[in-house]
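Engineer: how would this look folded up:
(chains A, B, C and D)
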Number of protein chains: 2
Amino acid sequence: MTIDDAPRDALRGGPRELLRWVATGAAVSRADLSRLSGLSPSTVSQRVEALISQGLLEEAGAGRSRGGRRPRQLAVPTGGAVVGAIDLGAHHARVGALDLSGRVVQARTLPVRIEDGPEAVLGALLAEVATLVDGDPAASRGGSATGALRGVGIGIPGPVQHSTGRIVSPSRMPGWNGFDVAAFCAGRVDVPVIVDNDANLMALGAHRTAHSELDHAVYIKAGTGIGSGVISSGRLHRGAQGSAGDISHCRVVADPAPPCTCGNAGCLEAVASGAALVTALREQGVPVSDLTGVIRLIDDGDRQATALARQAGRAVGEILAVVVNFFNPQVVAIGGRLADCEPLLASMRATLYERCLPLATQTLLIERVAAGQDVGITGAAHLVIDHVVAAA
Amino acid sequence: MTIDDAPRDALRGGPRELLRWVATGAAVSRADLSRLSGLSPSTVSQRVEALISQGLLEEAGAGRSRGGRRPRQLAVPTGGAVVGAIDLGAHHARVGALDLSGRVVQARTLPVRIEDGPEAVLGALLAEVATLVDGDPAASRGGSATGALRGVGIGIPGPVQHSTGRIVSPSRMPGWNGFDVAAFCAGRVDVPVIVDNDANLMALGAHRTAHSELDHAVYIKAGTGIGSGVISSGRLHRGAQGSAGDISHCRVVADPAPPCTCGNAGCLEAVASGAALVTALREQGVPVSDLTGVIRLIDDGDRQATALARQAGRAVGEILAVVVNFFNPQVVAIGGRLADCEPLLASMRATLYERCLPLATQTLLIERVAAGQDVGITGAAHLVIDHVVAAA
DNA sequence: TCACTTTCTTCGATTACAAAACTAAGTCAG
DNA sequence: CTGACTTAGTTTTGTAATCGAAGAAAGTGA
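Structural biologist: Purely as a prediction, here's the structure:
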């Protein structure tokens, strides 16, 4: 199954946008939607009618008058249709059921062992999606068509060809190379399955929830691995091969240059990823087992760990400086487990300001990704919803 | 005067695109246009009618039959409306008059002294534009409104805020900082004036003439200075402040790191620009006066010059590797006077292939910008035409 | 009770495009 | 040289999306 690309009309009054405004509470009535979208009241009425008849929207009684007729309130049906989302990480996966507005209905984190291979891992996660969807108490009140699963979105911590759903030479996912995730999943669930890189999904989720008014944004995901997602003109930029944002193997100055899993040395991933920090600390004789341990050390002010975090921040900043000069985004946000690591963030910021064109940093926002552990599944859900609502 | 941004409908059957297809010879008849654009014959007929009545297109007799009725050939009126274009460089400016298809009607290169300041330089160039437009022999055959100048596009070798036409802290243009080029020119000619960075114009020109079917492209302009222009989803990406593509002050590894005009050291511009090569050679005691001399030395196989060219190529490649990984374009093309310098190109290529993700370089085209010395004015003309035809 | 507001719908008018039928003008086989 | 077939282009009609104006619905407040 080939998924057609980005929603062309996600901008300006498309059904998705109306839905999102209602969902976020930005709009409560048709009149609100008209004002927000710039569409005429008649057009909005018509569209809302269509959405209601599809079960994607419902009326929720009358609101307070503001001096005239009371608005007929709109709402996204709770307990209505949902989408499933999986944000696969190196050691854990976040699995969730979200309503068509992109709000999390149910979610939980599961431990995974990537090395068990795609069939085992994805099979278990899809089963969990099914459980979460059924387990939604509101959804179980009837067999109506609107209460059903409409699609599943999956984020993979490695390069994915979004158009086909196939994984392409991932560096930390033994046994997954070339695996067709979309096809495998399509065989287990009879709804559309959309697969994308985890950083792309984080970018989409963060952009939609926090920066939807900004045109150009870059989101860095720094966890066990390191990647980024790019929003250009309000849309996810995937590039020619779908590998846009994959900065993990950009070379940075580091002495000595640590060897990378890709065979080169001095890659950003080998200097600034969570995995790299663990390795480097171990080599220095510090007994840490995983990224959680490293973060704890840094929070405790451990000198070696902090020094490494600073070096990592500089490395990220170095690459990001080129990206900011080149792409000139309105915002650069960093997410993933390392985003909470203050020293890293601080030296990244410093490097950015030092190395970028003043014009480019003058109004640039440098932030932490806000949405927390659910950004990934939120982004996945948005991707699916865009696809599902477009098809409706 | 604020110019509204990018033509939203430049893609798929807009008037501009029809015009361009006729101009490039891709389409000769209405039927051709229908096939190319995917629009129905009736719609094409209608649009062509409109373009003809605006004097932007004309019928040019019947063509050869291909087994049926002969096509009524279409052509862009020669000697009809023209646009003026100025591609300002560090020492020279290319000035031209182009027809509404973007074809060069008249063009010449003038020496300029940037340091004479904006009024003097721009005044002289605008006068030259007027001469070229009047001097077009075909245009002088009548005072019809279609034979007139419709707009002027200007490329500036420094940061420009495209929306306002104002220059922002240029590094090699003393006396130009903050100058409002658009306003100044609008006072001298009573047609729209559009101002942009020279690299952006080169990108637009090269993309429209050579890569119009590619979505994502990066064009490097390596001349006296060094800059780049970015095409994302078929449109010029200017970024938040309009400074996208300005990679001149990205830091590269160089030992010793040469000081840059910006106050930092080791900037790409201080290592790989034409100006930097001249400076470096002089410091090594080689008596060269300008970039032309440097290029001659390189062509002659001079050891010192060639070594510097290689170092410059590596530096460009280093930055470009990050850009390619991040942006994943279909093509990277290099233009400007240094583009003909083989050793530079070769080491840039090598660095790119060495440092990029295989997935990103697998189908990546790495080329020289083809269109020669007129790319800049061609891009400028396209920008103006897009604006003018959209307004019509 | 009446003027006024806000909300939402209804009803043309407009625009942009497509589909189909038709006209125009040719080729080519017999 | 005639008729079947092709290609080119126009005209007519239909459809979908959207807007604008008018009005209906439902309220507020003096």
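
Engineer: Quick check, pLDDT for the residue in the stretch 201-350 of chain A that DNA strand D sits nearest to.
Structural biologist: Closest approach between the stretch 201-350 of chain A and DNA strand D, counting by Cβ to the nearest atom of the strand: residue A:234, at 17.1 Å. For glycine as for every other residue, the C-beta is placed from the backbone atoms N, C-alpha and C. With respect to pLDDT, residue A:234 has a value of 89.

Engineer: What of residue A:200?
Structural biologist: For residue A:200, pLDDT reads 97.

Engineer: Name the SS class of the closest residue to it other than its chain neighbours, please.
Structural biologist: Distance criterion Cβ to Cβ, 6 or more residues apart in numbering or on different chains; nearest residue to residue A:200, sequence neighbours excluded, is residue A:229 at 4.3 Å. Look at residue A:229: counting by DSSP: H, G, I helix; E, B strand; the rest coil, its state is strand.

Engineer: Could you check which residue of the stretch 51-200 of chain A lies nearest DNA strand C?
Structural biologist: residue A:68 (1.9 Å).

Engineer: Am I right that that residue falls within a strand?
Structural biologist: No. Residue A:68: not assigned to a strand; according to three-state DSSP it is coil.

Engineer: Next, give phi and psi for it.
Structural biologist: As for residue A:68, its main-chain torsions (degrees, to the nearest 10) stand at phi -150, psi -150.

Engineer: how much space is there between it and residue A:29?
Structural biologist: Distance, residue A:68 to residue A:29, by Cβ to Cβ, to the nearest Å: 11 Å.

Engineer: okay, these two: which has more neighbours?
Structural biologist: Using other Cβ atoms under 10 Å in any protein chain shown, the more surrounded residue of residue A:68 and residue A:29 is residue A:29, with 20 against 7.

Engineer: ok, that one - contacts?
Structural biologist: Taking Cβ atoms under 8 Å, 6 or more residues apart in numbering or on different chains, we find residue A:29 in contact with A:63, A:71-74.

Engineer: Can you check what pLDDT the model gives it?
Structural biologist: Looking at residue A:29, the pLDDT reads 92.

Engineer: And the helices in the stretch 101-250 of chain A?
Structural biologist: Assigned by DSSP state H, counting those that start in this stretch, the helices in the stretch 101-250 of chain A fall at A:118-135, A:181-186, A:198-210.

Engineer: Can you check which of these gets nearest to DNA strand D?
Structural biologist: It's helix A:198-210; of those, that one is closest to DNA strand D (Cβ to the nearest atom of the strand) at 21.0 Å.

Engineer: near DNA strand D, which residues of the stretch 1-150 of chain A show up?
Structural biologist: By the rule Cβ under 7 Å from any atom of the strand, the part of the stretch 1-150 of chain A lying against DNA strand D is A:13, A:38-43, A:46-47, A:62, A:65, A:67-70.

Engineer: one more time with 6 Å
Structural biologist: Applying Cβ under 6 Å from any atom of the strand, one finds that the stretch 1-150 of chain A approaches DNA strand D through A:39-40, A:42-43, A:46, A:65, A:67-70.

Engineer: out of these, which is most surrounded?
Structural biologist: Taking other Cβ under 10 Å as the neighbour criterion, residue A:39 ranks highest of those with 18 neighbours.

Engineer: low pLDDT regions in chain A?
Structural biologist: Applying pLDDT under 70 to chain A flags the ranges A:1-13, A:79, A:135-147, A:391-392.

Engineer: Regarding it, what is its longest helix?
Structural biologist: In chain A, with assignment by DSSP state H, the single longest helix is helix A:303-327.

Engineer: From the contact counts, what lies against the following helix or strand past that helix?
Structural biologist: Moving toward the C-terminus from helix A:303-327, the next helix or strand (DSSP states H and E) is strand A:331-335. Packing partners of strand A:331-335 (3 or more Cβ pairs under 8 Å, 6 or more residues apart in numbering or on different chains; DSSP states H and E): helix A:198-210, strand A:217-222, helix A:303-327, helix A:342-355, strand A:365-368.

Engineer: Measure how buried the residue nearest to residue A:339 when sequence neighbours are not counted is and give me the count.
Structural biologist: Nearest non-adjacent residue to residue A:339, counting by Cβ to Cβ, 6+ apart: residue A:368, 5.1 Å away. A count of neighbours around residue A:368, defined by other Cβ under 10 Å, yields 11.

Engineer: what's the answer for residue A:221, then?
Structural biologist: 32.

Engineer: Name all residues that make contact with it.
Structural biologist: A:198-199, A:202, A:227-229, A:334-336.

Engineer: wait, which of those is closest to residue A:362?
Structural biologist: Comparing the contacts of residue A:221 against residue A:362 with Cβ to Cβ places residue A:334 closest, at 19.7 Å.
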